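Novice: Structure for this input, please:
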Amino acid sequence: MATALRNAVKVFYYARNAARDIVPQALFRRRLTGWLDQVRLSDATVRERLNYYNKLQHAFVPSPAAVPVSRLPFSPSMYYYDLKEFARYFDPGLLIDVEFGDVINVPRMPAVVKDRPINDDNSNAVLMKLDKFRHFHMPADRMHFADKRPAVVWRGELNNPIRTVFLEATRNLSFCDVGTPKRTAAEQYRKPYLTIEQQRHYRYIVSLEGNDVATNLKWIMSSNSLCLMPPPTYETWFAERQIEANVHYVPLEPDFADLADKVRHFERHPAEAERIIGAANAYCRKFCNERDEQAISLLVLYKYFVLSGQVEPDPDVWRFISS
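Specialist: Below is the predicted model:
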């Protein structure tokens, strides 16, 4: 049933976005001024988040590879639709650099991306909420922590060496149900596929980065299970850098030698586990305020176009952004 519902939502996602492409785009552009008038009345949280996603401070010129808003690359389609949802409010001739897919390095020129490395020199990577159907799926969890199976679960592809290290470290731990459903993996690593709902029946869910960020992190932190993971090295719109160890998740050593001790500790101190789960749930809730999400997305692009010299800034809006 959950899979059928998810598929139905996916069909709606594509139908709605295809319809937006058919509608005369001038209708969206006429609404931009009204949107910006409302946005500048937003609170400081909106300003802080937009300037976190778009850290650019100085004027720049788009690269020779920049594309007009009217000709954004269509593949992957979800990246296209998620960016076009907000880019369509701007002049179709405005140029923008984009890097779709898993970005493991900071672009040489300011570009819109889904993810970026966590470091102090990543300003050229301008984050937008891309591929959100996959990355921001956070279904409700109605099972209490105490009612869940007292064990650790993980499923995923072996597309990062840390995942193989994890499977090796947990091979002889009886309280761990971990592995990959990929048939091409070595036999000792294979385990049957588990849905998100099935994984949420476990008290402890491990999150491990793959090609870039860990896709499962959002739905784990929005659940009533405890998230365990090494500190993240990449971030998306979810701002993984701002997630705090022992506040929103339980940190693990790179060799996972501390996993058994961590699980033993929280089995003896379930109230502490529930405190971390509560903080993780609260962190996730801000991404469910659709009005703020839309305002921030528009402002991230607005700031990009202003600093690239393509849009004359409205004094009031720019004062809100830069104050």
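Novice: is it true that H135 touches N216?
Specialist: No. With contacts counted by CB atoms under 8 Å, H135 stays clear of N216, the gap being 9.7 Å. No exception for glycine: its C-beta is placed from N, CA and C like everyone else's.
Novice: Please enumerate the strands of the stretch 201-323 of the chain.
Specialist: 202-206, 226-229, 234-235, 250-251 (DSSP state E, counting those that start in this stretch).
Novice: Let's have those strands in CSV, adding mean pLDDT.
Specialist: What follows is those, written out as CSV (pLDDT from 0 to 100):
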stretch, mean pLDDT
strand 202-206, 98
strand 226-229, 98
strand 234-235, 97
strand 250-251, 98
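Novice: and M78, which of these is closest to it?
Specialist: Nearest to M78, of all these, is strand 234-235, at 18.6 Å by CB to CB.
Novice: So for N122, which of the strands of the stretch 201-323 of the chain sits nearest?
Specialist: So among the strands of the stretch 201-323 of the chain, strand 234-235 is nearest, using CB to CB, at 8.5 Å.
Novice: Neighbouring strands - and their directions - for the closest one?
Specialist: strand 116-117 (antiparallel) (DSSP bridges).
Novice: Off-centre distance for the following helix or strand past the strand it pairs with?
Specialist: Using DSSP states H and E, the helix or strand that follows strand 116-117 towards the C-terminus is strand 125-127. Mean C-alpha position of strand 125-127 versus that of the full chain (CA atoms, centre = their mean, to the nearest Å) differs by 12 Å.
Novice: swap in stretch 46-54?
Specialist: The answer for stretch 46-54 is 15 Å, by CA atoms, centre = their mean.
Novice: Only C-alpha atoms, please: export that stretch in CSV.
Specialist: C-alpha atoms of stretch 46-54 as CSV (Å, rounded to 0.1, in the frame of the first residue of the first chain):
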residue,chain,number,x,y,z
VAL,A,46,14.4,32.8,6.4
ARG,A,47,17.2,35.2,5.9
GLU,A,48,19.7,33.0,7.8
ARG,A,49,18.8,30.0,5.8
LEU,A,50,18.9,31.7,2.4
ASN,A,51,22.4,33.1,3.2
TYR,A,52,23.5,29.7,4.3
TYR,A,53,22.4,28.1,1.0
ASN,A,54,23.7,31.0,-1.0
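Novice: For it, list every residue counted as buried.
Specialist: V46, R47, R49, L50, N51, Y52, Y53, N54 (16 or more other CB atoms under 10 Å).
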